[in-house]
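[1] Give me coordinates for this.
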Amino acid sequence: MTEEISLDAPAAETPLYTTPFLLLCLSHALFAGSFNMMLPELPSYLASMGGAQYEGLIIALFTITAGISRPFSGKLADTIGRLPVMYVGALVCVFCSLLYPQLYFVAGFLALRFFHGFSTGFKPTGTSAYVADIAPLYRRGEAMGILGICLSLGASASPPLGSWLAKTVSINAMFYASAVMALFSVIIIYNLPETLQNKQRFHWRLLKVGRGDIWDPRALPAGIVMLGCYISYGVILTLVPDLSDSLHIGNRGTFFTLFTLASVSTRFFAGKTSDRIGRVPVLIISAILIGIAMLVFAHITTWKGLYLGSILFGLGNGIFSPAINAWTVDLGDPMRRGRALATMYIALEIAIGGGAAIAGWYYADLIYRMPAIFYFAAATSFAAVLYLLWWRRSAKTTL
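    Residues are numbered from 1 along each chain as shown. From the prediction side, this is the model:
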């Protein structure tokens with residue numbers, strides 16, 4: 001039995017830690033775990049099929065469809081409701097995870113990665129819009145921070161589990177475990193109350209998107225900052241598995257665990273801090289940390305350097321995530337929250353996919369080329385810092 005949500009209650013009287021919020025956080029953790037658990041093993045899995053030259057596409061294809069689907073998920077979240085959008089995203093994860101063992105050839109694997117991206121194009125958009133609906137305005141950054149912590153916990157626990165299953169049981173056991181996690185992420189939110197008022201019934205015409213449905217111009221600054229900072233994430237996802245192998249680190253998931261634990265350690269206070277001092281100062285600090293982490297990766301020669309870089313990168317991302325989510329909602333049209341968040345997420349997918357594609361293309365299995373890619377990622381993060389300073393000055397605000 002879920003509790004009733006009063007959408008008309010004053011922000012100061014609206015609690016944050018309600019049953020719907022807590023269930024949503026658990027669902028988000030399971031969803032994140034379902035697709036993150038396989039990331040450390042996918043490069044070697046693809047190489048075993050004879051597709052080593054396509055490793056950069058593992059992330060790039062996933063993010064292309066995630067980006068393509070954002071305008072649709074944003075519009076649907078604002079019309080038919082937040083929950084149906086979440087259901088679609090999670091169920092795509094279930095079906096794709098079940099199909100990986102059946103498509104053991106390069107073309108089939110790449111096609112599946114392309115389709116799998118629809119999951120993250122839908123689930124996070126619906127989840128973030130739902131949280132924005134139920135969180136008190138003055139605790140929005142805190143709410144996004146808690147949601148991010150749950151995502152990070154799912155992402156940190158799952159890669160070592162995935163690697164362990166792949167090595168001790170089978171790679172297929174990892175895929176099936178991923179499907180089970182995604183399925184549970186749907187089940188636990190099935191009875192939540194819908195938060196969208198005046199929702200419509202689904203009709204195929206709702207899948208027709210115009211320019212106004214693709215992005216919310218008011219949220220564009222958040223998209224630009226996301227683009228600058230998250231290119232590094234695509235680079236990391238593509239290069240770290242091979243970098244770990246070159247340093248003779250046995251479990252490739254260890255990096256992701258350290259990164260996520262560092263991220264979790266900052267998300268809660270970062271969200272609350274952005275509520276207190278403003279989003280932009282917090283974003284500037286996080287972008288600087290991400291840039292420094294990329295410089296550390298460019299000079300790695302031992303496992304200690306890799307783990308130091310993972311911690312710095314996690315700290316930067318942990319500070320960045322709740323602030324950028326809350327800033328997007330602050331900037332966007334209150335009546336089009338789904339589309340404002342979709343704008344930011346489109347930039348996220350372009351950044352991750354672009355970073356992964358560039359890294360995979362330039363790297364080409366040549367370790368000595370890695371530093372140049374990390375320098376490039378550092379430069380885009382520092383460019384985001386300059387943009388934030390310019391925006392804050394031109395907008396004349398401390399937001």
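[2] Could you tell me how far stretch 228-236 lies from the centre of the chain?
    11 Å (C-alpha atoms, centre = their mean, to the nearest Å).
[3] Name the residues that touch that stretch?
    59-60, 63, 259, 286-287, 290, 293-294, 297, 313, 317, 320, 324, 347-348, 351-359, 373-374, 376-378, 380-381, 383-384, 387 (C-beta atoms under 8 Å, 6 or more residues apart in numbering). The C-beta positions use only the backbone N, C-alpha and C, and glycine is treated the same way.
[4] run the last query once more with 7 Å
    59, 287, 290, 294, 313, 320, 348, 351-356, 359, 373-374, 377, 380-381, 383-384, 387 (C-beta atoms under 7 Å, 6 or more residues apart in numbering).
[5] Could you give the average pLDDT over that stretch?
    Averaging pLDDT along stretch 228-236 yields 93.
[6] What of stretch 135-155?
    83.
[7] Just give me how far that stretch sits from the chain centre.
    Worked out by C-alpha atoms, centre = their mean, stretch 135-155 lies 13 Å from the chain centre.
[8] same check, this time on stretch 31-39
    11 Å.
[9] Now do that stretch: everything it contacts.
    Contacts of stretch 31-39 (C-beta under 7 Å, 6+ apart): 90, 93, 97, 119, 123, 151, 154-155, 157-159, 161-162, 174-175, 177-178, 181-182, 185, 237.
[10] And stretch 319-333, what's buried?
    Counting neighbours by 16 or more other C-beta atoms under 10 Å, one finds that the buried residues in stretch 319-333 are 319-332.
[11] From those residues, which land in helices?
    Among these, the ones falling in helices (DSSP state H) are 319-331.
[12] Can you tell me which of those is nearest Arg337?
    Val329 (6.2 Å; C-beta to C-beta).
[13] Contact partners for the closest one?
    The contact partners of Val329, by C-beta under 7 Å, 6+ apart, come to 132, 140, 337, 340.
[14] can you pull out the helices in the stretch 151-300 of the chain?
    171-187, 211-214, 220-246, 253-277, 279-298 (DSSP state H, counting those that start in this stretch).
[15] Out of the ones you listed, flag the one nearest Ile68.
    helix 211-214 (10.2 Å).
[16] Show the average pLDDT along the closest one.
    The model assigns helix 211-214 a mean pLDDT of 64.
[17] Could you check how far Val94 is from Ala340?
    28 Å (C-beta to C-beta, to the nearest Å).
[18] So if I had to pick from those two, which one is more boxed in?
    Ala340 (30 against 20; other C-beta atoms under 10 Å).
[19] With adjacent residues omitted, what lies nearest to the more buried one?
    Leaving aside its sequence neighbours, Ala340 sits nearest to Gly332 (C-beta to C-beta, 6 or more residues apart in numbering; 2.5 Å).
[20] Spit out the contact partners of that neighbour.
    216, 218-219, 340.
[21] Look up phi and psi at it.
    phi -70, psi 170 (degrees, to the nearest 10).
[22] Distance check, it against Arg218.
    5 Å.
[23] what touches both of those two?
    Applying C-beta under 7 Å, 6+ apart, one finds that Gly332 and Arg218 are jointly contacted by Ala340.
[24] if we can go back for a sec, need the contacts of Val329 in a markdown table (columns: distance to Val85 and secondary structure).
    Shown next, in a markdown table, are the contacts of Val329 (distance: C-beta to C-beta, whole Å; DSSP: H, G, I helix; E, B strand; the rest coil):
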| residue | distance to Val85 | secondary structure |
| --- | --- | --- |
| Ala132 | 13 | helix |
| Arg140 | 20 | helix |
| Arg337 | 12 | helix |
| Ala340 | 14 | helix |
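[25] so which of these is the most crowded?
    Busiest of the contacts of Val329 [other C-beta under 10 Å] is Ala340, holding 30 neighbours.
[26] how much space between that one and Arg113?
    28 Å.
[27] circling back: restricted to helices, list the contacts of stretch 228-236.
    59, 287, 290, 294, 313, 320, 348, 351-356, 359, 373-374, 377, 380-381, 383-384, 387.
[28] Perfect, I'm done here.
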